[in-house]
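Visitor: quick one, what's the 3D model for this:
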Amino acid sequence: MRLPGIPAFAALCATPIASEGAVGMKTDPIGRQKFAVQDSWTMGPIANRILVQVDGPDETAEGPRQKAALATMDFAGVANFGN
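Guide: Just a heads-up that it's a prediction; the model follows:
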């Protein structure tokens, strides 16, 4: 299965996330993390070693779903995973 956002995300991770314009993405801050947004994909590295990714439409009749799901996550806890 080919994931369309992964090559662009790999290029994004090779440079600081502030350079998302170079690979055609925009970023959204969620909590204290920055996430790259491309089409229906929202993804970002946590502690530079864990990829968090959400796929699907963000705006629905019920309101924003991707950002709401990511906002409920404990990124500090995720960053400590495996330590």
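Visitor: surely residue 37 and residue 28 touch.
Guide: Yes. When contacts are counted by CB atoms under 8 Å, residue 37 is listed as touching residue 28 (5.5 Å). To be clear about C-beta, it is placed using only N, CA and C from the backbone, and glycine gets the same treatment.
Visitor: which of those two has more neighbours?
Guide: residue 37 (19 against 15; other CB atoms under 10 Å).
Visitor: list the residues that contact the more buried one.
Guide: Residues near residue 37 by CB atoms under 8 Å, 6 or more residues apart in numbering: 25-28.
Visitor: is it bridged to anything, and to what?
Guide: Beta-bridge partners for residue 37, by DSSP bridges, are residue 26, residue 42.
Visitor: got the confidence number for it?
Guide: On pLDDT, residue 37 comes in at 85.
Visitor: look up how far residue 80 lies from it.
Guide: Using CB to CB, to the nearest Å, one gets 26 Å for the distance from residue 37 to residue 80.
Visitor: check residue 35 too.
Guide: Residue 35 sits 19 Å away from residue 80, going by CB to CB.
Visitor: could you do residue 55 as well?
Guide: Going from residue 55 to residue 80 by CB to CB gives 25 Å.
Visitor: equivalent analysis for residue 24, please.
Guide: Separation of residue 24 from residue 80 (CB to CB): 32 Å.
Visitor: re the thing from before, of the contacts of residue 37 - the most surrounded one?
Guide: For the contacts of residue 37, the largest neighbour count, defined by other CB under 10 Å, is 21 neighbours, found at residue 25.
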